[in-house]
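K.L.:
Have a look at this prediction, sequence included:
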Amino acid sequence: MFEALVAWIKGREASGASKDEVEAAADLLVWTMFADGHIATSEEETIESELRLMGWSSPYSLDVYLHGSVARARRAIADRASGDAYLARCAERIKTPAMRARVLEACEKLAASDGNTSSRETDFLARLKAAFES
């Protein structure tokens, strides 16, 4: 699963996305995975297919970054106010409309990949879309 995330991030970085945008995209995708409280095999497969094209240029290794991203997603889910602030920071880091659209599309595809988009996933996706529009 994380290997697929690495591949997607590497491809996006190579195609012009900034390091900060790529890191924020990783954070939002990890949050999407955890939004419904479980990770299905189909979600992992979706991540693998979605994340093959991105590049990674962070000073942190991807594994280290993703472990931190998991912790951040769990905190965001546990506390709505903290989650709102975290979501706003992620949205601010993704500057271009094209990257915002791509990240939203990837998160939507990931949420639906297990055949069921839960109400918690729908809520998160609506919050993400609103954050990108503000």
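P.N.:
Good, I have the coordinates.
K.L.:
hey, where'd the helices end up in the protein?
P.N.:
2-14, 19-34, 41-50, 62-78, 80-93, 97-112, 119-133 (DSSP state H).
K.L.:
In a markdown table: those helices, plus mean pLDDT and mean neighbour count.
P.N.:
Every residue, glycine included, has its C-beta placed from N, CA and C. As requested, these are exported to a markdown table (pLDDT from 0 to 100; neighbours: other CB atoms under 10 Å):
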| stretch | mean pLDDT | mean neighbour count |
| --- | --- | --- |
| helix 2-14 | 56 | 21 |
| helix 19-34 | 89 | 23 |
| helix 41-50 | 61 | 18 |
| helix 62-78 | 87 | 16 |
| helix 80-93 | 96 | 15 |
| helix 97-112 | 91 | 18 |
| helix 119-133 | 96 | 16 |
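K.L.:
Any idea how many residues pack against residue 60?
P.N.:
12 (other CB atoms under 10 Å).
K.L.:
which residues does it contact?
P.N.:
residue 68 (CB atoms under 8 Å, 6 or more residues apart in numbering).
K.L.:
and with 10 Å instead?
P.N.:
Each residue near residue 60 by CB atoms under 10 Å, 6 or more residues apart in numbering is listed here: 23, 66, 67, 68.
K.L.:
any idea how far the residue lying closest to the last one once chain neighbours are set aside lies from residue 99?
P.N.:
Leaving aside its chain neighbours, residue 68 sits nearest to residue 60 (7.8 Å; criterion: CB to CB, 6 or more residues apart in numbering). Taking CB to CB, to the nearest Å as the measure, residue 60 falls 20 Å from residue 99.
K.L.:
repeat for residue 118
P.N.:
In this view, residue 118 and residue 99 are 26 Å apart by CB to CB.
K.L.:
Residue 92 now?
P.N.:
12 Å.
K.L.:
quick one on the thing from earlier: show me which pair in the contacts of residue 60 is furthest apart.
P.N.:
Comparing every pair within the contacts of residue 60 by CB to CB identifies 23 and 67 as the most remote, at 13.2 Å.
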